[in-house]
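Participant: requesting a structural model of the entry that follows:
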Amino acid sequence: MAKFIHTMIRVLDLDRSMRFYHEAFGLEVSHRLDFPDFSLVYLRNEESDAELELTWNRGRAEPYALGDGYGHVAFCVDDAAAARRRLHDLGLAPGDPKEFHGAAGELIARYFFLQDPDGYKIEVLERHGHYR
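Facilitator: Just a heads-up that it's a prediction; the model follows:
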């Protein structure tokens, strides 16, 4: 069987992105590879073995076009309201809280979105049901 290990996104300002993911989600550098033209920085925290790979291409000045195919990266937290307040207090502009409910009115998911410095959407879900 295959094991999911990482998702890669391209970033314009590596330090800014590393700071964002550390402040927002406690991600730390687990591995870094620096080459003459680009760097690969792998981030993770104690919650998961899966990593977020930040690819930084030296010399790029214009933001990346995210296109219409990208969806989002998701993180799971114990308390979505508390996480949203913390992110707001950091000046990171989380979106409005939302909930999904099933046909019988049962809570399926409580979540909100925010964007990283490069405009990538991030879904923050409260641990509940499928989202653990």
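
Participant: what residues does the longest strand that the chain contains touch?
Facilitator: In the chain, taking DSSP state E as the definition, the longest strand is strand 107-115. Residues from elsewhere that reach strand 107-115 (C-beta atoms under 8 Å, 6 or more residues apart in numbering): 24, 72, 80, 84, 87, 92-102, 121-126, 128-131. Bear in mind the C-beta positions are built from the backbone N, C-alpha and C, glycine included.

Participant: next one: stretch 64-83
Facilitator: The contact list for stretch 64-83, computed with C-beta under 8 Å, 6+ apart, reads 7, 9-10, 12, 25, 47, 52, 97, 110-113, 118-127, 131-132.

Participant: in PyMOL, how would I select the buried members of those residues?
Facilitator: Selection of buried members from those for PyMOL, criterion 16 or more other C-beta atoms under 10 Å:
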select buried, resi 9+10+12+25+52+110+111+112+118+120+122+123+124+125+126+131
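
Participant: re earlier: tell me the strands beside the longest strand of the chain, with direction?
Facilitator: Strand 107-115 sits in its sheet next to strand 98-101 (antiparallel), strand 121-126 (antiparallel), going by DSSP bridges.

Participant: figure out how far that strand is from the centre of its chain.
Facilitator: Computed by C-alpha atoms, centre = their mean, to the nearest Å, the separation of strand 107-115 from the middle of its chain amounts to 13 Å.
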